[in-house]
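Return atomic coordinates for the entry below.
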Amino acid sequence: MEDIRWKKFKLCGDYNVDMRSLYLAWATPGGLEKWFLRKADFFTVPQRRRERDEQIAKGDTYAWHWHGYDNTVTEKGSVLEANGKDFIKFTFTDNTTVSVSFSTRNGLTIIDLLQEDIPQESDPTKNLLVQCQIGWTFYLANLKSVMEGGKDLRNKRVELESCFK
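The predicted structure follows:
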């Protein structure tokens, strides 16, 4: 019997940054490259590459490249929803989905990240839930660091790739 506790997880973070700036950090190629990706390419339905400061939209596809890895490592997927203000949903690794919601509380912007449809894996070293939860925890912390203080915590050296596997 499948254990549904391993099918999804939710993380949240609080940011002393206005909601619009945080939304754009997720919703533009240039925004994602400041804290998350080495290169974020988004393509409209007619396959036009979006500009660095142009907002993504439902139906866009993407090709992402990570710092610390060469160009052979690419994450591809599609944007399922992007409402322009407080919600983004996209496909991710192994046909999972990631939803990112933005709200405000007590003068802070809150980001709730939910990753769902995670396939169950019998080999613990390949457990996508654990690996993605670790990754997203780091990137949400890096988003806070970049947006609140300007310090980028990512490894940007390909020669160090093996220490992160």
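
Quickly note the distance from T61 to T28.
Between T61 and T28 the computed distance is 16 Å (CB to CB, to the nearest Å). Any C-beta I mention is one placed from the backbone N, CA and C, and that applies to glycine too.

do the same with R52
In terms of CB to CB, R52 sits 7 Å off from T28.

Of T61 and T28, which one has the most company?
More neighbours surround T28 than the other of T61 and T28, with 20 against 17 (other CB atoms under 10 Å).

Any regions of this protein where pLDDT drops low?
Applying pLDDT under 70 to the chain picks out residues 1-3, 124-125, 158, 160-165.

Identify the residues contacting the top helix by length along the chain?
Longest helix in the chain, counting residues (DSSP state H): helix 128-149. Applying CB atoms under 8 Å, 6 or more residues apart in numbering, the set of residues contacting helix 128-149 from outside is 6-9, 11, 13, 15-17, 21-22, 25, 34-36, 92-94, 96, 111, 113, 115, 118-119, 121, 124, 151-154.

Nothing else from me, thank you.
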